[in-house]
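A.B. asks: 3D, please:
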Amino acid sequence: LFALEYLETINQRFGFRSGDELLQLLGQNVSRHFSHPDQLFRWRGPCLVALVDRQAPESFVASEFARAIPPRLENATMVRDREAIVRVSTSWSMLRLEELGSLDEAVARMNEFSASRSRYVRQVSAGA
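C.D. replies: Numbering: from 1, shown residues only. The predicted model follows:
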């Protein structure tokens, strides 16, 4: 799982186009480090999911993921009639599907990761 931190803030401040461009940039960065038959999908909110099958130790795969995504991304975007540089932090997490009890549990864990990256969800949860 790969995520952009505070995507909602980027969307509010710079527009949805800027957020979409950053998600595409994240996908390009991630996809460069994977190959067939790996698959990359957009998940909920600010997240992408990579499905990979590796016959390597977990620590090796984790280091592969760490190289796949920079800690920060930046992108130039037009806001009204000015160019702005938008910088955003990134994060990632790895789930071993064989250790999960079911597909429902995998989806729930991916949704938890996505929700934890959403500023709006954190604020609502803190106020509840």
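A.B. asks: any idea which strand is longest in this protein?
C.D. replies: strand 82-92 (DSSP state E).
A.B. asks: low-scoring stretches of this structure, by residue?
C.D. replies: Within the chain, the ranges that satisfy pLDDT under 70 run 119-128.
A.B. asks: after the longest strand of the chain, which helix or strand is next? Please name it.
C.D. replies: helix 103-116 (DSSP states H and E).
A.B. asks: can you name every helix or strand that that following helix contacts?
C.D. replies: Helix 103-116 sits against strand 47-51, with contacts defined as 3 or more CB pairs under 8 Å, 6 or more residues apart in numbering; DSSP states H and E. To be clear about C-beta, it is placed using only N, CA and C from the backbone, and glycine gets the same treatment.
A.B. asks: what helices or strands is the strand it packs on leaning on?
C.D. replies: Counting by 3+ CB pairs under 8 Å, 6+ apart, strand 47-51 packs on strand 2-4, helix 16-31, strand 39-42, helix 103-116.
A.B. asks: what's the most buried one of the ones you listed?
C.D. replies: Highest mean neighbour count of the helices and strands packed on strand 47-51: strand 2-4, a mean of 24 (counted as mean count of other CB atoms under 10 Å).
A.B. asks: what lines up beside that one in the sheet?
C.D. replies: Applying DSSP bridges, strand 2-4 is found paired with strand 47-51 (antiparallel), strand 82-92 (antiparallel).
A.B. asks: will you turn those into a markdown table that also has mean neighbour count?
C.D. replies: Below are the strands paired with strand 2-4 laid out as a markdown table (neighbours: other CB atoms under 10 Å):
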| stretch | mean neighbour count |
| --- | --- |
| strand 47-51 | 19 |
| strand 82-92 | 14 |
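A.B. asks: closest one to Glu112 among the ones you listed?
C.D. replies: Proximity to Glu112 (CB to CB) singles out strand 47-51 among the strands paired with strand 2-4, at 10.8 Å.
A.B. asks: what angle do the closest one and helix 16-31 make?
C.D. replies: Put simply, strand 47-51 runs at 20 degrees to helix 16-31, going by axes from the mean of the first three to the mean of the last three CA atoms, to 10 degrees.
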